[in-house]
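Chemist: Sequence first, predicted coordinates after that:
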Amino acid sequence: MLSAAAAAAGVVGAPQFSFGQSTGGKTFIKIFMRGGADGLHLLPAVGDPDLVNGYYGIRPTIAIEPPSGDANSAIQLEEGAFRGLNPNLELLMPIWESGNMMFAPAAALKQGNRSHFDCQRWIGLGDRRNDLDGYLNRYLQNAAVSTHQFSGIVAGKNSVPAEMIGDRLVPAVSSAEGFDITNNDFCSGGGCADNQLTEYMREISSHDVELSFGESSAKESQMVMLEAIAEIQAAATDTETNFDPPLGYSGSDLGRGLKLISQLLKANVPVEVAALDWNIGWDTHSNQIEVDSANPIVDPGKRYHQRLVQGATDFLTFYTDMQAEGMMSDIVVLVGSEFGRTAIENGSNGTDHGRGGAWFAFGGPTSYGFARDIESVNEQGRGGRNSVPEVVDYKDIVAEIMVNHLGMSNGLVSTIFPGHTFSDEQLFRGMIS
């Protein structure tokens, strides 16, 4: 059976595979928190000076207390800082303390609305219209250094998100271990451990016979598919580094995706752009915290809290993994959501669809610190005091990564984001000394 991932790699208009090509370049990993992640829950406004109409005044139940050392209180990022860190994300602290991480606590698509479907699509397409290829696909068409089959990849899942859809065909691979073609007639060993189908296909395709144009094209595409499978499987032989303290990739979409990217990069596959998802149930209209628990913010029995911890573990595992290989300076990881949530809590101990939300990045030339932010949750954004304003446009964050990290020409920003005037937020200038 041909998996959807294998099919995606095999169906090509013209073979673009270049087996064994060394990276020698940079990698941009874009991770989507689908569902509208609450930026004020990830990065609580612990320094809000307005105690009546600010963060603690309008979130009397779900606000995270200022840093105090208690397990349920926010983690201090900088002394006296306006923002703290959700305690479930504590494992991000070694990355932050390395001086190579930034938070953009009030970022969004500035032309967005409050529809998951619209904003996810518009962010992926790079504009509020539907007749475009995805912005990462446009990068691959116009600015990519490599023509390798895996210079663009969707990792950790089989579906292709809007940002990767377009004329440049991009494979979607859930995991290296499952990337194969299987047929019971060609299997032996427990669980089809010895799959001979690909070897038969390779042997047939290697025969030098006269073929029609269509047959020749099909033969070339088949060889591309077989080499793609072989390269993914070769990368899968890499085992994780023994970390201290012990770390490991989870079996979630995020964990599988980060593990696959680490395997490919360590196998010298030139991945330039990758799209992943971090899905934990971000659409928190109710029960955002475990109200009846002694540990409402960090109750380990709450799935939402568990998945925050799991995600932070996957990020630290990837960072540690790539740092051990000396590769992290060539990689930027950017994490963001389609919008934030309302600043004010609702009657169900949750939050509703809002505007500005928390994005963050690490690796490569990421500057240490915070992007432009609000000064109080009581600031008036679109939608009134219920919304955190969109202070930073996600397009400027992405464009700066492409220009300052991937080396794309400034002149191509308008191709990646049509009609957008690029504002350099100076978020990717290099780590602190």
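Modeler: Sure, I can see it.
Chemist: CA only for contacts and neighbour counts going forward, please
Modeler: OK.
Chemist: Which stretches in this structure count as strands?
Modeler: For the chain, applying DSSP state E gives strands covering 27-33, 75-76, 84-85, 101-108, 152-155, 172-173, 187-188, 194-195, 273-277, 331-337, 357-362, 369-370, 392-393.
Chemist: got these as TSV, with mean pLDDT columns?
Modeler: Formatted as TSV, the strands of the chain follow (pLDDT from 0 to 100):
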stretch	mean pLDDT
strand 27-33	98
strand 75-76	98
strand 84-85	98
strand 101-108	97
strand 152-155	96
strand 172-173	92
strand 187-188	60
strand 194-195	56
strand 273-277	98
strand 331-337	98
strand 357-362	97
strand 369-370	96
strand 392-393	97
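Chemist: Can you list the low-confidence ranges for the stretch 101-250 of the chain?
Modeler: Where the stretch 101-250 of the chain drops to pLDDT under 70, the residues are 178-230, 233, 238-245.
Chemist: Any buried residues in stretch 69-88, and which?
Modeler: 72-77, 82-88 (16 or more other CA atoms under 10 Å).
Chemist: List the neighbours of it that are in contact with it.
Modeler: Stretch 69-88 has contacts (CA atoms under 8 Å, 6 or more residues apart in numbering) with 41-48, 64-68, 90, 295-298, 305-306, 308-309, 312, 375.
Chemist: now those: which count as buried?
Modeler: Here, 16+ other CA under 10 Å leaves 41-48, 64-67, 295-298, 305, 308-309, 312 buried among those.
Chemist: Contact partners for the closest residue in space to residue 46 that isn't next to it in sequence?
Modeler: Of all residues not flanking residue 46 in the chain, residue 66 sits nearest, at 5.1 Å (CA to CA, 6 or more residues apart in numbering). Neighbour list for residue 66: 46, 47, 73, 74, 75, 84 [criterion: CA under 8 Å, 6+ apart].
Chemist: Could you do residue 102 as well?
Modeler: So, once contact is read as CA under 8 Å, 6+ apart, residue 102 ends up touching 96, 360, 361, 362, 366, 367, 368, 369, 370, 371, 427.
Chemist: re the thing from before, for the buried residues of stretch 69-88, please prepare TSV with the additional fields distance to residue 124.
Modeler: Converted to TSV, the buried residues of stretch 69-88 look like this (distance: CA to CA, whole Å):
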residue	distance to residue 124
72	35
73	35
74	32
75	32
76	33
77	31
82	30
83	28
84	29
85	27
86	27
87	30
88	28
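Chemist: How about residue 159: what's its closest non-neighbour residue?
Modeler: residue 172 (6.3 Å).
Chemist: From residue 357, how far out is the one you found?
Modeler: The gap separating residue 172 from residue 357 is 27 Å, by CA to CA, to the nearest Å.
Chemist: Show me which of the two is the more surrounded one.
Modeler: residue 357 (32 against 28; other CA atoms under 10 Å).
Chemist: wait, isn't residue 175 in contact with residue 258?
Modeler: No - assessed by CA atoms under 8 Å, residue 175 is found out of contact with residue 258, at 9.6 Å.
Chemist: Identify each of the helices in this protein and give its residue range.
Modeler: Taking DSSP state H as the test, the helices found in the chain are 4-10, 39-42, 55-58, 93-97, 116-125, 135-142, 197-205, 213-235, 253-266, 303-324, 394-404, 413-416.
Chemist: Could you give the number of residues near residue 326?
Modeler: 10.
Chemist: tell me the pLDDT at it?
Modeler: Here the pLDDT value assigned to residue 326 is 95.
Chemist: Ok, residue 380 next?
Modeler: pLDDT, read off for residue 380, is 65.
Chemist: begin at 404 from here
Modeler: That works, and once the first residue is 404, the last one we named lands at residue 783.
Chemist: re earlier: export the helices of the chain to TSV and tack on distance to residue 431?
Modeler: Shown next, in TSV, are those (distance: least, CA to CA, whole Å):
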stretch	distance to residue 431
helix 407-413	20
helix 442-445	22
helix 458-461	34
helix 496-500	17
helix 519-528	15
helix 538-545	10
helix 600-608	32
helix 616-638	19
helix 656-669	11
helix 706-727	13
helix 797-807	8
helix 816-819	15
